[in-house]
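**Student:** A predicted structure for the sequence below; I have some questions about it.
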Amino acid sequence: MADESWRVPSLVQEVAATVQEPPSRYLIPEQDRGGDQLAGAEMPDPVPTIDLQRLLASDSAADEEATKLRSALQTWGFFLVTNHGIESSLMDSLIAASREFFRKPLEEKQGNDPVKTQDQILDWCDRLHLRVEPEDERNLDRWPGHPEVFRGLLHEYTQSCKRVKDGILRVMARLLELDDDDDGGILGQFGDKGSTTNARFNYYPACPRPELVLGIRPHSDVCVLTLLLADEHVAGLQFLRDGNWYRVPPVHGRAALLVNVGVSLEIMSNGIFKGPVHRVVTNSEKERMSLAMFYATDFEKEIEPIAELVDEKRPARYKKIKFRDLVAAHYEYFSRRERVIESLKI
Ligand SMILES: O=C(O)CCC(=O)C(=O)O
Ligand SMILES: [Fe+2]
């Protein structure tokens with residue numbers, strides 16, 4: 001039988017512990033290497049920051065925050081959210097438990113993103129991907145049992161994040177002038193009914209040659225919305241805007257979560273909101289951890305521009321696609337370092 005072992009690469013953690021140079025499978029294309037091509041630039045302005053309490057208040061402060069939110073969504077496609085109401089001690093404990101999990105003996109781990117072809121370049125990242133909602137679809141066999149506190153913390157964090165996500169989506173629906181109760185709108189298409197949440201824990205071991213590899217290659221998230229708890233101390237995340245890469249500085253003290261639009265919402269909003277392209281670079285001295293909560297629709301849902309956002313002046317800009325097929329196509333394109341959204345543009 002043909003040797004298929006290339007499909008299951010070693011954990012990066014294991015590779016990092018044994019080599020001085022990243023193996024060839026991790027090296028990014030020659031033209032992207034060298035110099036400071038991966039360094040990224042400082043953002044021209046501070047990261048747009050939205051105060052969730054103000055955003056959800058019932059006075060003029062809410063309008064001011066909503067205006068800031070609109071501008072953030074139309075320029076960067078991402079923003080920081082402060083006053084989110086999630087205890088920093090909960091986040092600290094969950095990240096500490098995740099670190100403990102990633103440092104454990106290797107058999108329990110899942111490894112890297114799907115490897116489609118033998119020459120696919122691999123990312124310098126180990127990840128753990130878990131369905132957290134709906135609760136009855138949790139595959140608890142795959143949830144780490146050690147440390148023991150992990151499951152309880154992830155459950156609690158999931159519930160806290162849900163409140164933040166619901167508040168933000170409600171205001172986004174208002175910005176799109178969609179009727180809150182309308183089943184055709186964002187909340188109807190992506191309300192409590194039939195939505196799914198996946199937690200992705202990313203662990204980036206220190207890399208001896210950070211200029212030669214990427215922690216995660218350029219991509220847009222395939223979901224509707226992502227809530228990211230990035231490393232408190234180690235930078236690495238960068239966003240692409242007008243052909244330039246910009247660094248997102250770390251947020252100390254868990255004061256803010258990062259929120260970004262995903263491809264599903266780009267399609268649903270008929271391109272009014274963009275799912276920004278981002279990547280992660282590695283660090284020669286320090287490991288880095290992040291936790292992304294991906295809010296998505298049910299697999300059977302047809303993703304298409306919301307009817308109220310399509311008219312003669314602004315015809316549908318994207319083809320309709322079932323979410324299941326969008327995810328499959330996303331990974332195909334991802335493995336070739338391309339973006340699925342390009343193939344859906346009309
Ligand atoms: O690690 C990060 O900061 C970002 C992770 C990310 O982009 C992802 O998991 O999709
Ligand atoms: Fe991402």
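**Tutor:** Cool, the structure landed. Ligands and ions are numbered 1, 2, ... in the order given.
**Student:** Go ahead and report the secondary structure state at whichever residue of the stretch 201-346 of the chain sits closest to ligand 1.
**Tutor:** Going by CB to the nearest ligand atom, ligand 1 is nearest to Ser290 of the stretch 201-346 of the chain, at 3.3 Å. Just so you know, the C-beta spots here come from the backbone N, C-alpha and C atoms, and that holds for glycine as well. The three-state assignment at Ser290 reads strand, by DSSP: H, G, I helix; E, B strand; the rest coil.
**Student:** quick one: it from Glu156, how far?
**Tutor:** 19 Å (CB to CB, to the nearest Å).
**Student:** same deal with Glu42?
**Tutor:** 35 Å.
**Student:** just Phe102 next, same as before
**Tutor:** 20 Å.
**Student:** Of those two, which one has the most company?
**Tutor:** Ranked by neighbour count (other CB atoms under 10 Å), Phe102 and Glu156 place Phe102 first, with 22 against 15.
**Student:** who does the residue of the stretch 201-346 of the chain closest to ligand 1 bridge with?
**Tutor:** Legend: beta-bridge partners of Ser290 under DSSP bridges are Asn202.
**Student:** what sits against it?
**Tutor:** Neighbour list for Ser290: 201-202, 228-231, 237, 280 [criterion: CB atoms under 8 Å, 6 or more residues apart in numbering].
**Student:** that's a helix at Pro144, yeah?
**Tutor:** No - Pro144: not assigned to a helix; according to three-state DSSP it is coil.
**Student:** is it true that it touches Leu128?
**Tutor:** Yes - between Pro144 and Leu128 there is a contact under CB atoms under 8 Å: 7.4 Å.
**Student:** Might you report the residue contacts of Asn244?
**Tutor:** Counting by CB under 8 Å, 6+ apart, Asn244 has contacts Ala41.
**Student:** pLDDT at it, what is it?
**Tutor:** For Asn244, the model assigns a pLDDT of 92.
**Student:** That one bridge partners, please.
**Tutor:** Once the bridges are assigned, which here means DSSP bridges, Asn244 pairs with Arg241.
**Student:** same for ligand 1: which of the contacts of Ser290 are within range?
**Tutor:** Restricting those to those within reach of ligand 1 (CB under 6 Å from any ligand atom) leaves 202, 228, 230, 237, 280.
**Student:** Give me the distance between the third one and Val263.
**Tutor:** In other words, Ala230. In terms of CB to CB, Ala230 sits 20 Å off from Val263.
**Student:** wait, doesn't Leu69 sit right on Phe79?
**Tutor:** Yes - counting by CB under 8 Å, Leu69 touches Phe79, with 6.8 Å between them.
**Student:** what sits in contact with each of the two?
**Tutor:** 48, 50.
**Student:** hmm, who's touching stretch 202-209?
**Tutor:** Under CB under 8 Å, 6+ apart, the answer for stretch 202-209 is 12-13, 15-17, 19-22, 98-99, 102, 124-128, 213, 215-216, 236, 280, 282-292.
**Student:** let's go with 7 Å and repeat that
**Tutor:** Stretch 202-209 has contacts (CB atoms under 7 Å, 6 or more residues apart in numbering) with 12-13, 16, 20-22, 102, 124-127, 213, 215, 236, 280, 282-290, 292.
**Student:** For it, measure first residue to last.
**Tutor:** 19 Å (CA to CA, to the nearest Å).
**Student:** average pLDDT for it?
**Tutor:** On average, stretch 202-209 scores 94.
**Student:** what's the distance between that stretch and the middle of its chain?
**Tutor:** 18 Å (CA atoms, centre = their mean, to the nearest Å).
**Student:** Buried residues, the longest helix seen in the chain. List them.
**Tutor:** For the chain, the helix reaching the highest residue count under DSSP state H is reported as helix 150-175. Neighbour counts using 16 or more other CB atoms under 10 Å place 150-151, 153-154, 157-158, 160-162, 164-165, 167-169, 171-175 of helix 150-175 among the buried residues.
**Student:** Touching, Met43 and Arg241? I think so.
**Tutor:** No - here Met43 does not reach Arg241: they are 8.9 Å apart, not a contact under CB atoms under 7 Å.
**Student:** near ligand 1, which residues of the stretch 101-250 of the chain?
**Tutor:** Counting by CB under 6 Å from any ligand atom, the stretch 101-250 of the chain sits next to ligand 1 at 200, 202, 216, 221, 228, 230, 237.
**Student:** Perfect, I'm done here.
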